[in-house]
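Visitor: no letters, just coordinates:
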């Protein structure tokens, strides 16, 4: 009997040890420790790899998609020892839409679509990563649908008028509004300020002891160097770029991930026509309001956290989306009046270096918002206006996957209005594809970069007619 008990105990110990060896310790850790555990597992795995060759990986684009790819590569247990990870960015990290977007995410809003996995995985990853990285702007929050109300500048008690949803009506929604209904109670909807998330990821991977870290090189990508491989496949050897002094340089590369947002369509030329990436850039204005203050300049009341999706308001040409942030500011988009930038214009780097907001849309959005919020109409102040451009493929699905006919070439771009919300999952899927040969976390088949590429061998090809994706807020 004693022998049997000892034998059973020994077997349990051995099985636990095997489980740890195969799956890593993260399965037994709290979410806040999983990022650290993944990297510890990477060190052990890389040590076992012996003399395996390190890889030089270049990510073109320093927005939230590009930095998420770099972060997930860095954290992967499949990253060979001696590897380098470099972000090539033309302006600055999170300088475009990633620095000017609302940062809203919704776990269940992709149910039944090809992007369901991106919604769900990214939402769960944000919760864990923001805790580990110390991202202060992340939080879950309820969401309401709000119809425009009659023209009025009077203060309203909307909580009293709508007792069924009074618990999620924010204190600053005290102006003229129409019908209100809940879209989410805060269990599967959340927000983050994307620029902070980008900064926290980069701080984390570049801490002492986190080698190899992620290097950032500033310059404009000009192409990809390659050599001929077997069976006519081209093999990536480097990434060409132009620095601020207009000097052409090359980064050694075994793998290149193009994550350049709307400008990723330039990769058609870099990969010598092997892939066609039709893209439309939707250029839109957004505004940020300071919290209301009293006569002494102190914040009047805490800005309660409920996001609003507002109906079309023909008086102002708006369909506002309103996101209160933990710092007391309110971010507003859905202002209308967007411009649509063609693929050819994007290939020529249209609006790469600067985008200006439209003053008439700033005025229209401010007027529409002040009618909804008496608090902001009387005590609020506009902080700033800005503009950015989101990337829209014809079918509103992202390009995620390998470039056909090339070894070491990948695309991760065109995520439309959900680029921020999907970033962690996109980064993880691409990291798996690069380091392990396939993505085990996301089905990438619907996002094949070659889906609009016309075969050079003739036939009808796979190109689809252009679809209007609208504002896509």
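Guide: Alright, I've got the coordinates. Every value quoted in this text rests on a predicted model; they were computed, and no experiment measured them. Numbers count the residues shown, from 1 in each chain.
Visitor: and the gap between residue 193 and residue 288?
Guide: 11 Å (Cβ to Cβ, to the nearest Å). For the C-beta atoms, the positions are set from N, CA and C on the backbone; glycine is no exception.
Visitor: and these two? Which one has more around it.
Guide: Neighbour tally, residue 193 and residue 288, criterion other Cβ atoms under 10 Å: the higher count belongs to residue 193, 24 against 16.
Visitor: which residue, other than its chain neighbours, is closest to the more buried one?
Guide: Leaving out its chain neighbours, the residue that sits closest to residue 193 by Cβ to Cβ, 6 or more residues apart in numbering is residue 137, at 3.6 Å.
Visitor: quick check: the one you found is in a helix.
Guide: No - applying DSSP: H, G, I helix; E, B strand; the rest coil, one finds residue 137 to be coil, outside a helix.
Visitor: what about it, how many neighbours?
Guide: Using other Cβ under 10 Å, residue 137 has 17 neighbouring residues.
Visitor: shouldn't it be in contact with residue 103?
Guide: Yes - counting by Cβ atoms under 8 Å, residue 137 touches residue 103, with 7.3 Å between them.
Visitor: name the residues contacting each of those two.
Guide: Listed contacts common to residue 137 and residue 103 are 191-193, 197; contacts here mean Cβ atoms under 8 Å, 6 or more residues apart in numbering.
Visitor: tell me what the host helix or strand of residue 383 is packed against?
Guide: Secondary structure from DSSP states H and E places residue 383 in strand 381-392. Under the contact criterion of 3 or more Cβ pairs under 8 Å, 6 or more residues apart in numbering; DSSP states H and E, strand 381-392 touches strand 280-290, helix 359-372.
Visitor: flag the shaky bits of this structure, pLDDT-wise.
Guide: 1-52, 300, 456-473 (pLDDT under 70).
Visitor: where do the helices of it begin and end?
Guide: Taking DSSP state H to define them, one finds helices in the chain at 2-23, 31-48, 64-75, 116-133, 158-161, 194-205, 267-270, 343-347, 359-372, 374-379, 423-436.
Visitor: contacting residues for residue 140?
Guide: Applying Cβ under 8 Å, 6+ apart to residue 140 gives the contacts 186-187, 189-190.
Visitor: mind running it again at 6 Å?
Guide: The contact partners of residue 140, taken as Cβ atoms under 6 Å, 6 or more residues apart in numbering, are 186, 190.
Visitor: could you measure it against residue 209, distance?
Guide: According to Cβ to Cβ, residue 140 and residue 209 sit 32 Å apart.
Visitor: ok, residue 400 next?
Guide: When residue 400 is compared with residue 209 (using Cβ to Cβ), they lie 32 Å apart.
Visitor: neighbour count winner among the two?
Guide: Just comparing residue 400 and residue 209: by other Cβ under 10 Å the higher neighbour count belongs to residue 400, 27 against 6.
Visitor: how about the nearest residue to the more buried one, chain neighbours excluded?
Guide: Nearest non-adjacent residue to residue 400 (Cβ to Cβ, 6+ apart): residue 447, at 4.0 Å.
Visitor: what sits against the one you found?
Guide: With contact set as Cβ under 6 Å, 6+ apart, residue 447 has these partners: 397-398, 400.
Visitor: and which of the residues you listed is nearest to residue 98?
Guide: When the contacts of residue 447 are ranked by distance to residue 98 (Cβ to Cβ), residue 398 comes first, at 14.7 Å.
Visitor: so who does that closest one touch?
Guide: Counting by Cβ under 6 Å, 6+ apart, residue 398 touches 414-415, 447.
Visitor: possible to save these as TSV with distance to residue 81?
Guide: As requested, the contacts of residue 398 are arranged in TSV below (distance: Cβ to Cβ, whole Å):
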residue	distance to residue 81
414	33
415	32
447	31
